[in-house]
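In: Could you work out the structure for the sequence below:
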Amino acid sequence: DLGFSLYALESKLEFSAAYFRNELEDLITSDFSVFPGTSINLAEARTEGVELADGNTSDHWGVAPANYTRLVARYEQADLRLLRRPEHTVGFDYSVDIYDFGFILSGTWVLNREDIDGATFARIDGEDYFTSDLVISYDLTETVALRGSVTNLFDESYETAHGFPTLGRAYYGQVVISFD
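Out: Okay, the predicted model is just below:
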């Protein structure tokens, strides 16, 4: 890994970039080209890419970091992409505190990945998807807060692995007690 971070405006704005590369040996994966499916040793694989991120820490408008990752993940001997690893991932978080309320909105966009068709076991292009979450908290006292969250805010229908759908929109509630 090789990276750097730059800070500006009295450290209220941050930008970072990193390059990464991993040489993998003896990577075990599933082989669905035979019946029944089996585990195989891919021997050598490589992952490399770049990560870019910014971090806005404004006192007045909240915090709004965003990030981007470009990933190249390949099985070297067969010159194939590794499965279920997105080539592009974009993410953001926006959080702001207003009086005793806290709000966090986050999102992730996953693009360009390969998968295995659950019925034919052929390689397919995995669907791109965007998902977002929302968290709202309220401080009852200095040590007790109520927190509610909605995951998959827009009820996106997506699969991180073909044939295995993720949950739709879900709601959660918490009572948070902090001990200092």
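
In: Now do the helix or strand bottoming out on mean pLDDT in the chain: everything it contacts.
Out: Using mean pLDDT, DSSP states H and E, strand 28-31 stands out as the lowest-scoring helix or strand of the chain, at a mean of 76. Applying Cβ atoms under 8 Å, 6 or more residues apart in numbering, the contact partners of strand 28-31 are Gly37, Thr38, Ser39, Ile40, Asn41, Leu42, Leu82, Leu83, Ile116. Yep, even glycine has a C-beta here, placed from its N, CA and C like the rest.

In: same thing with stretch 173-180?
Out: Against stretch 173-180 from outside (Cβ under 8 Å, 6+ apart): Ser137, Glu142, Thr143, Val144, Ala145, Leu146, Arg147, Gly148, Ser149.

In: repeat for stretch 146-160
Out: Contacts for stretch 146-160 (Cβ under 8 Å, 6+ apart): 84, 126-127, 129-138, 140, 165-176.

In: filter those to the buried ones?
Out: Arg84, Gly126, Tyr129, Thr131, Ser132, Asp133, Val135, Ser137 (16 or more other Cβ atoms under 10 Å).

In: show me the residues around the fifth one that make contact.
Out: This points to Ser132. Counting by Cβ under 8 Å, 6+ apart, Ser132 touches Leu105, Ser106, Gly107, Thr108, Asn152, Leu153, Phe154, Glu156.

In: and which of these is nearest to Glu51?
Out: Nearest to Glu51 out of the contacts of Ser132 is Thr108 (Cβ to Cβ; 13.9 Å).

In: Spell out for me which residue occupies the centre of this structure.
Out: By Cα atoms, centre = their mean, the chain has its centre lying nearest to Thr108, at 5.9 Å.

In: mind saving the C-alpha coords of stretch 21-32 as PDB?
Out: What follows is stretch 21-32, C-alpha atoms only, in PDB (Å, rounded to 0.1, in the frame of the first residue of the first chain):
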ATOM      1  CA  ARG A  21      -1.700  -4.300  -4.600                       C
ATOM      2  CA  ASN A  22      -2.000  -7.800  -3.200                       C
ATOM      3  CA  GLU A  23      -0.400 -11.000  -4.600                       C
ATOM      4  CA  LEU A  24      -2.500 -14.000  -3.400                       C
ATOM      5  CA  GLU A  25      -1.200 -17.500  -3.400                       C
ATOM      6  CA  ASP A  26      -3.400 -20.600  -2.800                       C
ATOM      7  CA  LEU A  27      -6.600 -18.700  -3.000                       C
ATOM      8  CA  ILE A  28      -9.400 -21.200  -2.400                       C
ATOM      9  CA  THR A  29     -12.700 -20.700  -4.200                       C
ATOM     10  CA  SER A  30     -15.700 -22.600  -5.500                       C
ATOM     11  CA  ASP A  31     -15.800 -24.300  -8.900                       C
ATOM     12  CA  PHE A  32     -19.400 -24.600 -10.200                       C
END
